[in-house]
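Asks: 3D model of this:
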Amino acid sequence: MNALGRITGIAVASRWKVLHLVLLSLINNFNALLRAGAMMVLIDIVYPAGSDSLAAASVVLAALAGAGSIASMASMLLLLENYTQVWISSTRKRIFSQMVGFTLSYFQRHGCGYASGRLIDDPEAASPLFSRLLSDIVQFAVASVSSGIFLFLLNPSLTLLLLLLVPLYGFVLYRRTAGARGIGEVMLEKRSLLGQTLVEGIRGAVTARVANASSFLTDASRRSYDEVVLQEYRLRHFEMGNTLAYGGIPGLLIPIMVIGIGGMEVLRGNLTIGGLVAFRFVIGTVFESVSRLVGMSFQLQVSLGAWDRVGHTLSEEREPDGGRCLRSASGGVCFEDVWFSYGEKSDPVLRGIGFSVSDGEQVGLVGRSGAGKTTITDLILGFLDPGSGRVLVGGEDICGCSLEDLRKRVGVVPQAPFIFNRSIRDNITLGRSIAPEVLDRVLEESGVDELVSGLPSGLESVAGEGGSLLSGGERQRIAIARALVGEPRILILDEATSALDSVSEERVGRLLCGLKGRCTVIVIAHRLATVATLDRILLLDGGVIAAEGDHACLLETSAAYRDLFGKQIFRGASHE
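Replies: This next block holds a predicted model:
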């Protein structure tokens, strides 16, 4: 959509605000014309007649008109400021509601600092489209019509001559400012990247200090700041050049033309001296509105660039809404000849993989790093779509199903769970309404009851940003409780025990025993000891299921499993 189309769309969507602006502009312009008329009366009638009463009346009229103009302008500015802030706030809310539904690939491509820049900076930079520009367009339109009529009645020939300069002046300056759009877009992109750099720097500050590498972070932030400052300098330099090149035209050329040509009209008897003064005053207000409008063409280019970025963010691919609900309550999982790769040019991570997990069965999934174990989790959750083949839950293909319904059935405990800077209760329930008896059972099963019993505020204790006030094992207990509180039909532990001590790992083992028959459990693990007691183990190697069976069976029949087991036994012995 071009600039005119976007501005028109804004005006249509904000028609009541536009009508309000038109009314205030009419009042403001009427007051300006009233002052011009008062000056003309003073010069042409009052002073020649020497009437003190008429002079006083004219001065009072001009003063009242000036006060009315100030009041109407103040009302207009207040209206625009309120409207702009409402628009910025609502746009940020729209962007955030869109962002939380973006596909997994978006968050793999962009960090949270970059995304927060798109959320905060872009609507702010686009807001002049809804404030100053809209106001200037309305004021220009009202001033052109009402003042044009007034000037035409004073002197038609001089009016036509001067008004011919308006479109020419506007067109030239608009063309001159077209380059600002690209500079503005680059500046906003640099700001987003700066946000990403700062977030990473704050999160990684302790890590960098431990490695005596704080300069790595400060140098990166300094470079990002310098890039932003460079773009802002280019933008301001561009704006200053426009101001110097074109700002003097209305201030110098127009008065010369009015006084020169208008003076000749006075000598010819076609215009009075008071009329000339009034003409000069009114034409000044017209060109003042033109100057504001055309001066906004610079800001318009920057705002349109920001508006493009807002539009791109709002149109970013989201996970599909809706879809059919799964009919079966079964927790069975089946992969049928599933192929998957991250991008068209990358090698397949999964190569025609096929396996099934029965409802209530507990299965381990093991393999070397990069074998595709976590990819399987993301496919089950619907974050990824298979390149070919089918993923079934409860005997139904999840392609086209409601992701909300699917994820109600699946609970996941990741290796590094995200902990919100909220209470432990909020971190477990995530705003869901949970029956007290269910919550009590989950707290006991996950071991969170032992954790909160030692805290002064119990469940209401705040976890700190990222769970900074908790140990790794405590964060993992909260993640387990979070997964169980939804009473899932399928529970996936994705490397959930890799960073746990032996006591915490033993607790997870007891949990798995208690879950037998209640739900399907898939345990993704590096350590074979974690999955040794499960019903079945799948060995993933090279994107295929290389072997399957229980622990004893695989030790007997699979050389790859024996090799993996032997290396872990050796590492464990060497650490003792």
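
Asks: Could you report the neighbour count for I478?
Replies: 24 (other Cβ atoms under 10 Å). Bear in mind the C-beta positions are built from the backbone N, C-alpha and C, glycine included.

Asks: Surely it touches P417?
Replies: Yes - the pair I478 / P417 is scored as a contact, 7.0 Å apart, by Cβ atoms under 8 Å.

Asks: shared neighbours of these two, which are they?
Replies: With contacts taken as Cβ atoms under 8 Å, 6 or more residues apart in numbering, I478 and P417 have G467 as neighbours in common.

Asks: so who does E487 touch?
Replies: Per Cβ under 8 Å, 6+ apart, neighbours of E487: V438.

Asks: Same question for the one 3 residues further on.
Replies: Contacts were defined as Cβ under 8 Å, 6+ apart; by that measure I490 touches G331, V333, I380, V393, R409, V410, G411, C519, T520, V521, I522.

Asks: got it, and L406?
Replies: L326, L381, G382, V393, I398.

Asks: cool, Q85 as well?
Replies: Going by Cβ under 8 Å, 6+ apart, the list of residues near Q85 is empty.

Asks: what's the spacing between it and S127?
Replies: The gap separating Q85 from S127 is 8 Å, by Cβ to Cβ, to the nearest Å.

Asks: likewise E200?
Replies: According to Cβ to Cβ, E200 stands 28 Å off from S127.

Asks: More neighbours: those two, which one.
Replies: Neighbour comparison, E200 and S127: the larger count goes to S127, with 20 against 16 (by other Cβ under 10 Å).

Asks: now the more buried one, what's its secondary structure?
Replies: Recorded secondary structure, S127: helix (DSSP: H, G, I helix; E, B strand; the rest coil).

Asks: Which residue ranges of the stretch 101-250 of the chain form helices?
Replies: Assigned by DSSP state H, counting those that start in this stretch, the stretch 101-250 of the chain shows helices spanning 104-109, 112-126, 132-154, 156-163, 165-176, 180-203, 205-210, 214-246, 248.

Asks: Next: the stretch 451-576 of the chain.
Replies: Using DSSP H, counting those that start in this stretch, the helices found in the stretch 451-576 of the chain span residues 472-484, 502-515, 528-531, 551-557, 559-575.

Asks: Residues contacting the shortest one, please?
Replies: Residues lying outside helix 528-531 but in contact with it, judged by Cβ under 8 Å, 6+ apart, are 364-366, 497, 505, 508, 523, 525, 537, 551, 561, 564-565, 568.

Asks: and with 6 Å instead?
Replies: Residues outside helix 528-531 that contact it (Cβ atoms under 6 Å, 6 or more residues apart in numbering) are G364, T497, V523, A525, I537, F565, Q568.

Asks: so after the lowest-mean-pLDDT helix or strand in the chain, what's the next helix or strand?
Replies: Here the helix or strand of the chain ranked lowest by mean pLDDT, DSSP states H and E is helix 248, holding a mean of 54. Downstream of helix 248, the first helix or strand assigned by DSSP states H and E is helix 254-267.

Asks: ok and that following helix relative to helix 156-163, angle-wise?
Replies: Orientation check (axes from the mean of the first three to the mean of the last three Cα atoms, to 10 degrees): helix 254-267 against helix 156-163 gives 170 degrees.

Asks: what helices or strands is helix 254-267 leaning on?
Replies: Contacts defined by 3 or more Cβ pairs under 6 Å, 6 or more residues apart in numbering; DSSP states H and E place helix 254-267 against helix 273-314.

Asks: Mind giving me the packing neighbours of the helix it packs on?
Replies: Helix 273-314 packs on helix 15-41, helix 112-126, helix 132-154, helix 165-176, helix 180-203, helix 254-267, going by 3+ Cβ pairs under 6 Å, 6+ apart.

Asks: by how many degrees do it and helix 112-126 diverge?
Replies: 160 degrees.

Asks: Could you check the angle helix 273-314 makes with helix 180-203?
Replies: 50 degrees.

Asks: Low-confidence regions, the stretch 251-400 of the chain specifically.
Replies: 251-253, 290-298 (pLDDT under 70).

Asks: Would you agree F420 falls within a helix?
Replies: No - per three-state DSSP, F420 lies outside any helix segment and is coil.

Asks: check which helix or strand covers the nearest residue in space to it that is not next to it in sequence.
Replies: Leaving out its chain neighbours, the residue that sits closest to F420 by Cβ to Cβ, 6 or more residues apart in numbering is N427, at 5.5 Å. Here N427, judged by DSSP H and E, is contained in helix 424-429.

Asks: Quick one: mean pLDDT over that helix.
Replies: Taken as a whole, helix 424-429 carries a mean pLDDT of 91.

Asks: Now it: buried residues?
Replies: I424, R425, N427, I428, T429 (16 or more other Cβ atoms under 10 Å).

Asks: any chance of these in CSV, plus distance to V452?
Replies: Putting those into CSV (distance: Cβ to Cβ, whole Å) gives the following:
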residue, distance to V452
I424, 6
R425, 9
N427, 11
I428, 10
T429, 14
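
Asks: Make CSV from the contacts of helix 528-531 and add neighbour count and distance to H312 to it.
Replies: Shown next, in CSV, are those (neighbours: other Cβ atoms under 10 Å; distance: Cβ to Cβ, whole Å):
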residue, neighbour count, distance to H312
G364, 25, 43
T497, 24, 41
V523, 23, 40
A525, 23, 40
I537, 23, 46
F565, 18, 50
Q568, 14, 48
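
Asks: Go ahead and flag the most central residue of the chain.
Replies: Closest to where the C-alpha atoms of the chain average out (Cα atoms, centre = their mean) is L119, at 2.7 Å.

Asks: Spatially, which residue comes closest to it, not counting chain neighbours?
Replies: L119 sits nearest to I95 (Cβ to Cβ, 6+ apart), 5.2 Å away.

Asks: how many neighbours does that neighbour have?
Replies: I95 has 19 nearby residues by other Cβ under 10 Å.

Asks: same check, this time on M257
Replies: Counted with other Cβ under 10 Å, M257 comes out at 15.

Asks: okay, the nearest residue to it once chain neighbours are set aside: pLDDT?
Replies: Leaving aside its sequence neighbours, M257 sits nearest to L162 (Cβ to Cβ, 6+ apart; 6.6 Å). At L162, the pLDDT value in this model is 74.

Asks: same thing with F420?
Replies: 87.

Asks: ok, which stretches of the stretch 351-500 of the chain are strands?
Replies: Using DSSP state E, counting those that start in this stretch, the strands of the stretch 351-500 of the chain run over 362-366, 388-393, 396-397, 410-413, 490-494.

Asks: nearest to L403, of these?
Replies: Nearest to L403, of all the strands of the stretch 351-500 of the chain, is strand 410-413, at 10.3 Å by Cβ to Cβ.

Asks: Can I get that closest one as PDB, trimmed to CA atoms?
Replies: Output of strand 410-413 as PDB, limited to C-alpha atoms (Å, rounded to 0.1, in the frame of the first residue of the first chain):
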ATOM      1  CA  VAL A 410       1.100 -33.100  26.300                       C
ATOM      2  CA  GLY A 411       3.300 -32.000  29.200                       C
ATOM      3  CA  VAL A 412       7.000 -31.200  28.700                       C
ATOM      4  CA  VAL A 413       9.800 -30.900  31.100                       C
END
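
Asks: Just list what that strand packs against, helices and strands only.
Replies: helix 472-484, strand 490-494.

Asks: partners of it, with directions?
Replies: Strand pairing for strand 410-413, using DSSP bridges, gives strand 490-494 (parallel).

Asks: Off-centre distance for the partner strand?
Replies: 31 Å (Cα atoms, centre = their mean, to the nearest Å).

Asks: ditto for stretch 270-290
Replies: 48 Å.

Asks: do the same with stretch 151-165
Replies: When distances are taken as Cα atoms, centre = their mean, stretch 151-165 is centred 49 Å away from the chain's centroid.

Asks: Check which residues of that stretch are buried.
Replies: Those would be L151, L154, N155, L158, T159, L162, L163, L165, for stretch 151-165 by 16+ other Cβ under 10 Å.

Asks: can I get those residues in TSV with distance to Y233?
Replies: Formatted as TSV, the buried residues of stretch 151-165 follow (distance: Cβ to Cβ, whole Å):
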residue	distance to Y233
L151	42
L154	46
N155	46
L158	43
T159	42
L162	37
L163	38
L165	33
